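Asks: coords below, sequence missing:
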């Protein structure tokens with residue numbers, strides 16, 4: 001399952017996301033209360049500061065030491081303390097439940113020995129720390145649209161983010177133009193939600 005992602009505008013950061021499943025999952029985890037580019041560039045910052053981005057090494061690290069690497073300027077996230085803790089929690093789950101292989105979440109056969117369906121992968125994603133319904137659906141759409149995941153029903157399971165031609169989320173970013181379109185759509189949705197409240 002190969003992918004060629006163009007999310008951050010930084011070639012090295014995008015290459016890491018394209019090549020490393022744990023990096024991609026971590027970028028998705030970080031995608032809250034910061035720009036998409038900042039979130040998905042986070043794994044490359046961590047890799048550079050830790051001399052690698054290995055789930056088992058991160059899970060074993062002293063939390064204070066990991067937090068310090070996270071908070072080093074420029075910080076990986078605007079909330080370095082809480083997000084560092086969450087990334088370590090994610091790493092621990094990847095090690096304990098998936099044998100250290102983040103990609104097993106969407107590649108490992110289900111209980112019947114069949115390729116996992118979109119609904120099954122969504123269930124697995126929602127069980128991860130920091131992955132609520134929306135984040136899990138967006139990540140599933142990203143897998144389906146850009147990472148070659150073909151599990152049955154993935155588009156329906158990730159709705160509305162799996163819809164072809166949509167410009168709703170990081171799943172739809174393939175170049176600087178689509179990034180701008182997604183950002184505009186997100187801003188419009190926020191404005192509409194704010195107007196509905198007011």
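Replies: Everything's here; your move. None of the values given here were measured: they were computed from a predicted structure.

Asks: can you pull the pLDDT of residue 89?
Replies: Looking at residue 89, its pLDDT stands at 98.

Asks: For stretch 60-76, buried residues please.
Replies: Neighbour-count burial for stretch 60-76 flags 61, 66-67, 69-71, 75-76 (criterion: 16 or more other C-beta atoms under 10 Å). For every residue, glycine as well, the C-beta is placed using N, CA and C.

Asks: got the contact list for that stretch?
Replies: 30, 42, 45-46, 49-50, 58, 77, 80-81, 83-85, 87-88 (C-beta atoms under 8 Å, 6 or more residues apart in numbering).

Asks: Among the residues you listed, name the buried ones.
Replies: 30, 42, 45-46, 50, 58, 77, 80, 83-85, 87-88.

Asks: would you list every one of the strands in the protein?
Replies: Remark: no strands are assigned in the chain by DSSP state E.

Asks: Where does the prediction get shaky in it?
Replies: 1-2 (pLDDT under 70).

Asks: switch to 50 and redo it
Replies: For the chain, the stretches with pLDDT under 50 are 1.

Asks: ok, now which ones touch the most centrally placed residue in it?
Replies: Of all residues in the chain, the one closest to the mean position by C-alpha atoms, centre = their mean is residue 28, 2.0 Å from it. Neighbour list for residue 28: 39-40, 131, 135, 138-139, 142, 170 [criterion: C-beta under 8 Å, 6+ apart].

Asks: same thing with residue 8?
Replies: Per C-beta under 8 Å, 6+ apart, neighbours of residue 8: 14, 17, 37, 40-41, 44.

Asks: right, and out of the residues you listed, which lies closest to residue 109?
Replies: residue 17 (25.1 Å; C-beta to C-beta).

Asks: Look up how far residue 42 lies from the closest one.
Replies: Going from residue 17 to residue 42 by C-beta to C-beta, to the nearest Å gives 10 Å.

Asks: returning to that earlier point: in helices, which of the contacts of residue 28 fall?
Replies: Among these, the members falling in helices (DSSP state H) are 39-40, 135, 138-139, 142.

Asks: Most neighbours among these, please name it.
Replies: The most crowded member of those, judged by other C-beta atoms under 10 Å, is residue 139 (30 neighbours).

Asks: Distance of the closest residue in space to that residue that isn't next to it in sequence relative to residue 109?
Replies: Leaving aside its chain neighbours, residue 139 sits nearest to residue 28 (4.8 Å; criterion: C-beta to C-beta, 6 or more residues apart in numbering). Distance, residue 28 to residue 109, using C-beta to C-beta: 23 Å.
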